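Student: quick one: sequence and predicted model below, then my questions.
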Amino acid sequence: MSAPLPAVVPPSRDWASLIPVVAGLVWLTLGSGAAWLLIAVLPGVLLIATGVSGLLWSGDGRITQYGALAGLLGALFALPGLFFLPLLGVLLAGLLSAAAFLHAGRTALRLAEPAPGAPDPPADLKTWAKAALDEALVGYFVTLAKIPAGAEAESLVRDAAVMEAVLAQRGWLDNPAAYHQIPSAPTDARLTPARFASFDYEHLRFSSGFEPQPEVPGAALWQSYVPNRDCHASVFRQPQRGRPWLLCIHGYRMGTSFLDLRLFAPHILFKRLGLNLVMPVLPLHGPRRIGGQSGDHFLDGDPLDLLFAETQALWDLRRTVAWIRAQEPEARIGVLGYSLGGYNAALLATHETGLDFVIAGIPVADFATVLWEHVPTPLRLYFEAEGLSRERYQRLLKVVSPLALPPKLPAERLHLFAGSADRVVPPVQPLKLARHWQRNVHWFPGAHLTFRGERAVVRCIDDAMTGAGWKSAS
């Protein structure tokens, strides 16, 4: 096993940032014409920009995010470049782009926030590549994020003040449980046949019935999102009754069969373990989206939308649990969530009784802290000057925080796993949830996008099912 990366004093200049600079220069000197313009210019410019930024402003997290994205684009663009640009030049540009990609991952891990209680990630090329892949994903998310500006930012500050006043006056900040209504089982649920790869399953659809508290600013606008009014889920049911039900909650920007059914591996959970599976689509995702991409307005755009999104997510998940119990009143139900799904699994654990276990995988625990780091500095300074600080944002999100209330399950039925090299959900996040749950984290030596198949992850899921008696019932 490789040794952990030692703690070092950062240099005044990160001279390794010359790698992306050289890679970018090679790309831009490969020729001219339409092929050069389509293939070489974008990675070339991005690599030079991030490399120079790394030399001059080393330490800014956005540099490694865009640097990893630039290196990944350069490595990928080298493939079509082999057919249209000088062979040796493209090979050199591709190799240097891959080196820049690894450099971004290594630098990101060196600059990572200390997380006492989490193991140090291995210092090897494999781990750097995993971390860089996470950094590239964050860079992609940040690039496409809708950032409030002008009148939108001014309105957001006013709405935040009104929202906080309403939450405080109604006593919801002191008693978050009272903020949430308890849904009943849907009466209009309908199942239609569906197929994915070699699996026949059912598509479940029913009306959400969610209505936000009308006093909260933005409630009427939220209700106008028509596609979001219906709940959708993929259902895999065993032919024999009495089999356990696993509620599988997807991550951010997912919510489509193509992604969710690959993520939750029905060939293992459904075929091999014989479980019933329900994979609900979170608000604003998949067929419920209101923007061009799945998940638009959940974590980007107006930061106050997250309060509505998570309130409805909890409502819809509890309504889905009620639907399961309507099928089988004595159903044994476990919950497995990844990333954003891990957050919602943990939130569900604080409100829903009678669950066999909850597994929070690579979970965020405090969205205010994570999102605040990605707010552009000028906008963050404006918000803080107008009274909308990170601490105030945390108070607003308290009613949908998994840290605000004790879980309804005993500690031995709560499980979580996380990656020591995760750059999407830093290790400090699952540690917060672990302290709240008074549980240990199952750590794996990897990153956010590469958790599947890790031994610690398999062991965590196996422990949860064994502890709930599911294995003995197989």
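Tutor: Received, thanks.

Student: I'd like to know which elements the longest strand that the chain contains is packed against.
Tutor: The longest strand of the chain (DSSP state E) is strand 199-207. For strand 199-207, the contact count by 3 or more CB pairs under 8 Å, 6 or more residues apart in numbering; DSSP states H and E identifies strand 190-196, strand 230-236, helix 305-327 as packing neighbours. Bear in mind the C-beta positions are built from the backbone N, C-alpha and C, glycine included.

Student: could you dump these to TSV with mean pLDDT, distance to residue 163 and mean neighbour count?
Tutor: As requested, those are arranged in TSV below (pLDDT from 0 to 100; distance: least, CB to CB, whole Å; neighbours: other CB atoms under 10 Å):
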stretch	mean pLDDT	distance to residue 163	mean neighbour count
strand 190-196	94	36	11
strand 230-236	98	25	22
helix 305-327	97	7	22
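
Student: tabulate those (a markdown table), appending distance to residue 174.
Tutor: Below are the helices and strands packed on strand 199-207 laid out as a markdown table (distance: least, CB to CB, whole Å):
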| stretch | distance to residue 174 |
| --- | --- |
| strand 190-196 | 40 |
| strand 230-236 | 30 |
| helix 305-327 | 17 |
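
Student: now do the helix or strand following the longest strand of the chain, average pLDDT.
Tutor: Per DSSP states H and E, the first helix or strand lying C-terminal to strand 199-207 is helix 219-223. The average of the pLDDT scores along helix 219-223 is 92.

Student: surely residue 259 meets residue 250?
Tutor: Yes: look at residue 259 against residue 250 with CB atoms under 8 Å: they come within range, at 7.2 Å.

Student: more neighbours: the two, which one.
Tutor: It is residue 250, of residue 259 and residue 250, that has more neighbours when counted by other CB atoms under 10 Å, with 27 against 16.

Student: next one: the longest strand of the chain to chain centre, how far?
Tutor: Here strand 199-207 is found 24 Å from its chain centre; the criterion is CA atoms, centre = their mean, to the nearest Å.

Student: show me what contacts residue 19?
Tutor: 51, 96, 99-100, 103 (CB atoms under 8 Å, 6 or more residues apart in numbering).

Student: in JSON lines, list those residues along with secondary structure and distance to residue 171.
Tutor: Formatted as JSON lines, these follow (DSSP: H, G, I helix; E, B strand; the rest coil; distance: CB to CB, whole Å):
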{"residue": "51", "secondary structure": "helix", "distance to residue 171": "53"}
{"residue": "96", "secondary structure": "helix", "distance to residue 171": "59"}
{"residue": "99", "secondary structure": "helix", "distance to residue 171": "57"}
{"residue": "100", "secondary structure": "helix", "distance to residue 171": "53"}
{"residue": "103", "secondary structure": "helix", "distance to residue 171": "52"}
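
Student: now render those residues as CSV, adding neighbour count, pLDDT and distance to residue 314.
Tutor: As requested, the contacts of residue 19 are exported to CSV (neighbours: other CB atoms under 10 Å; pLDDT from 0 to 100; distance: CB to CB, whole Å):
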residue, neighbour count, pLDDT, distance to residue 314
51, 27, 96, 44
96, 24, 98, 47
99, 18, 98, 45
100, 32, 98, 42
103, 26, 97, 41
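
Student: which one, of the helices and strands packed on strand 199-207, ends up nearest to residue 440?
Tutor: Ranking the helices and strands packed on strand 199-207 by proximity to residue 440 (CB to CB) places helix 305-327 first, at 25.4 Å.

Student: beyond the closest one, next helix or strand please.
Tutor: Downstream of helix 305-327, the next assigned helix or strand under DSSP H and E is strand 333-338.

Student: quick one: mean pLDDT for that following strand?
Tutor: 98.

Student: quick one: strands adjacent to that strand?
Tutor: In the sheet, strand 333-338 lines up against strand 245-249 (parallel), strand 357-361 (parallel) (DSSP bridges).

Student: what's the most buried one of these?
Tutor: strand 357-361 (a mean of 30; mean count of other CB atoms under 10 Å).

Student: what's the next helix or strand after that one packed up against?
Tutor: Per DSSP H and E, the first helix or strand lying C-terminal to strand 357-361 is helix 367-372. Contact here means 3+ CB pairs under 8 Å, 6+ apart; on that basis helix 367-372 packs against helix 390-396.

Student: which residues are in contact with the helix it packs on?
Tutor: Helix 390-396 is contacted by residues 160, 163-164, 167, 173, 303-304, 307, 366, 368-369, 371-372, 401 when judged by CB under 8 Å, 6+ apart.

Student: out of those, the closest to residue 187 would be?
Tutor: Taking CB to CB as the measure, residue 187 lies nearest residue 307 of the contacts of helix 390-396, at 27.7 Å.

Student: contact partners for that closest one?
Tutor: 163, 216, 396-397, 399-400.

Student: so where is the stretch 151-300 of the chain shaky, pLDDT-wise?
Tutor: For the stretch 151-300 of the chain, applying pLDDT under 70 flags no range at all.

Student: residue 110 - how many residues pack around it?
Tutor: Residue 110: 16 surrounding residues under other CB under 10 Å.

Student: circling back to that earlier point, of the helices and strands packed on strand 199-207, which is nearest residue 152?
Tutor: Among the helices and strands packed on strand 199-207, helix 305-327 comes nearest to residue 152, with 11.8 Å by CB to CB.

Student: any idea how far residue 164 lies from residue 170?
Tutor: 11 Å (CB to CB, to the nearest Å).

Student: what residues are shared contacts of the two?
Tutor: Joint contacts of residue 164 and residue 170 (CB under 8 Å, 6+ apart) do not exist.

Student: my guess is residue 215 contacts residue 168. True?
Tutor: No: in this structure, residue 215 is not within contact of residue 168 by CB under 8 Å, at 11.7 Å.

Student: thinking again about what came up before, what's the angle from the longest strand of the chain to strand 190-196?
Tutor: Orientation check (axes from the mean of the first three to the mean of the last three CA atoms, to 10 degrees): strand 199-207 against strand 190-196 gives 150 degrees.

Student: strand 199-207 relative to strand 230-236, how many degrees between them?
Tutor: Using the same axes, to 10 degrees: strand 199-207 against strand 230-236 is 160 degrees.

Student: partners of strand 199-207, with directions?
Tutor: In the sheet, strand 199-207 lines up against strand 190-196 (antiparallel), strand 230-236 (antiparallel) (DSSP bridges).

Student: what mean pLDDT does stretch 126-141 have?
Tutor: For stretch 126-141, the mean per-residue pLDDT is 96.

Student: err, stretch 58-68, not the other one
Tutor: Stretch 58-68 comes out at a mean pLDDT of 88.

Student: check which residues of that stretch are buried.
Tutor: Neighbour counts over stretch 58-68 (16 or more other CB atoms under 10 Å) mark 58, 61-68 as buried.

Student: so what touches that stretch?
Tutor: Contacting residues not belonging to stretch 58-68 are listed as 10-11, 13-14, 17, 20, 46-47, 49-51, 53-54, 57, 100-101, 103-105, 107-108, 111, 132-136, 138-139, 142-143, 373 [CB under 8 Å, 6+ apart].

Student: mind checking which of those residues are buried?
Tutor: Using 16+ other CB under 10 Å as the burial test, those include 14, 17, 20, 46-47, 49-51, 53-54, 100-101, 103-105, 107-108, 132-136, 138-139, 142 as buried.

Student: just to be sure, which of the residues you listed are found in helices?
Tutor: Counting by DSSP state H, those place 20, 46-47, 49-51, 53-54, 100-101, 103-105, 107-108, 132-136, 138-139, 142 in helices.
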